[in-house]
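[1] generate a structure from the sequence data that follows.
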Amino acid sequence: MDRMSRFSVVPSGDDSPEGAPRPASLEQLLHRSATGDESAFAELYDAVSARLFGLVRRVVRDPAQSEEVTQEVFLEIWRHSARFDPAKGGALSWMLTIAHRKAVDRVRSAEAARNRDVGYGTSHQDVSHDSTSEAVVERLDAERVHLALATLTQAQRQALELAYLSGYTHTEVATMLDLPLGTAKTRIRDGLIRLRDTLGVTL
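    I've put the predicted structure just below:
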């Protein structure tokens, strides 16, 4: 049976009784998961499922698709837990990054499918010159933004995507990335400045 089939995507909380032994850290659970320890992975799931599902839901919106994406996130965490490097950041930040990437990929995939449908429909009917021009301008603007985002550092891009694509506050971004609030604000500000300079507009 697929190891992931035992984990349903239902946000869970911390029900540990008082006086219980201190739970293992997320880093320890990831390390044990990398050795194939399913009980450690189950603990990891219980500890972070609500946070990861919440992030995915904020990006994807659709509840059913959010559950599917969260399942994919945990599958990737299980398969690639050995790749986690504590020297590069906290375990929660690493997992949130996977969740955000998967969620954005799902949104982009859905948008691409819609665009194909729209493209097919518009190719079979007359379109005014003004409508065609507007579509070209919108596409060029989107391409410019994607190219501009590519000029940012990974840290800046991650902070900006959480703040402006996913709608999180600076405080929430700091918490999710395991950063001091001032550091998170600096990354967001520096990223915006670089985007402004790249695009040549006022943000």
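[2] quick one: buried residues of stretch 158-174?
    For stretch 158-174, the neighbour count (16 or more other CB atoms under 10 Å) marks 158, 159, 160, 161, 162, 163, 166, 168, 170, 172, 173, 174 as buried. Where you see a C-beta, it was placed from the backbone N, CA and C, and this is true even at glycine.
[3] my guess is residue 168 contacts residue 51, does it?
    No. In this structure, residue 168 is not within contact of residue 51 by CB atoms under 8 Å, at 11.9 Å.
[4] circling back: which of the buried residues of stretch 158-174 fall in helices?
    In this view, the buried residues of stretch 158-174 that belong to helices under DSSP state H are 158, 159, 160, 170, 172, 173, 174.
[5] which one of the residues you listed is nearest residue 191?
    Using CB to CB, residue 160 comes nearest to residue 191 of these, at 4.4 Å.
[6] would you check that the closest one makes contact with residue 193?
    No. Taking CB under 8 Å as the definition, residue 160 is not a contact partner of residue 193, at 11.0 Å.
[7] just put the ones in helices among the buried residues of stretch 158-174 in a markdown table and tack on pLDDT.
    Converted to a markdown table, those look like this (pLDDT from 0 to 100):
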| residue | pLDDT |
| --- | --- |
| 158 | 82 |
| 159 | 81 |
| 160 | 75 |
| 170 | 80 |
| 172 | 80 |
| 173 | 82 |
| 174 | 83 |
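[8] residue 81: which of those residues is nearest?
    For these, the nearest to residue 81 is residue 158 (19.9 Å; CB to CB).
[9] element containing the residue lying closest to the closest one once chain neighbours are set aside, please.
    Leaving aside its chain neighbours, residue 158 sits nearest to residue 97 (6.5 Å; criterion: CB to CB, 6 or more residues apart in numbering). Per DSSP states H and E, residue 97 falls inside helix 91-123.
[10] pLDDT of that helix, averaged?
    Helix 91-123 carries an average pLDDT of 81.
[11] do a quick rundown of the helices in the chain.
    26-34, 38-60, 63-80, 91-123, 129-150, 154-160, 170-176, 181-199.
[12] between those helices, which gets the lowest average pLDDT?
    Looking at the helices of the chain, the weakest mean confidence is helix 129-150, a mean of 55.
[13] I'd like the distance between the closest residue to residue 167 other than its chain neighbours and residue 154.
    Closest residue in space to residue 167, ignoring its immediate chain neighbours: residue 58 at 6.3 Å, by CB to CB, 6+ apart. Applying CB to CB, to the nearest Å, the value for residue 58 to residue 154 is 20 Å.
[14] who's more crowded, these two?
    Neighbour count, other CB atoms under 10 Å: between residue 58 and residue 154, residue 58 has more, with 17 against 8.
[15] my guess is that one contacts residue 172. True?
    No. Judged on CB under 8 Å, residue 58 makes no contact with residue 172 at a distance of 9.8 Å.
[16] can you tell me which residue is spatially central in the chain?
    The centre of the chain sits closest to residue 100, judged by CA atoms, centre = their mean, with a distance of 0.5 Å.
[17] no more questions from me, cheers.
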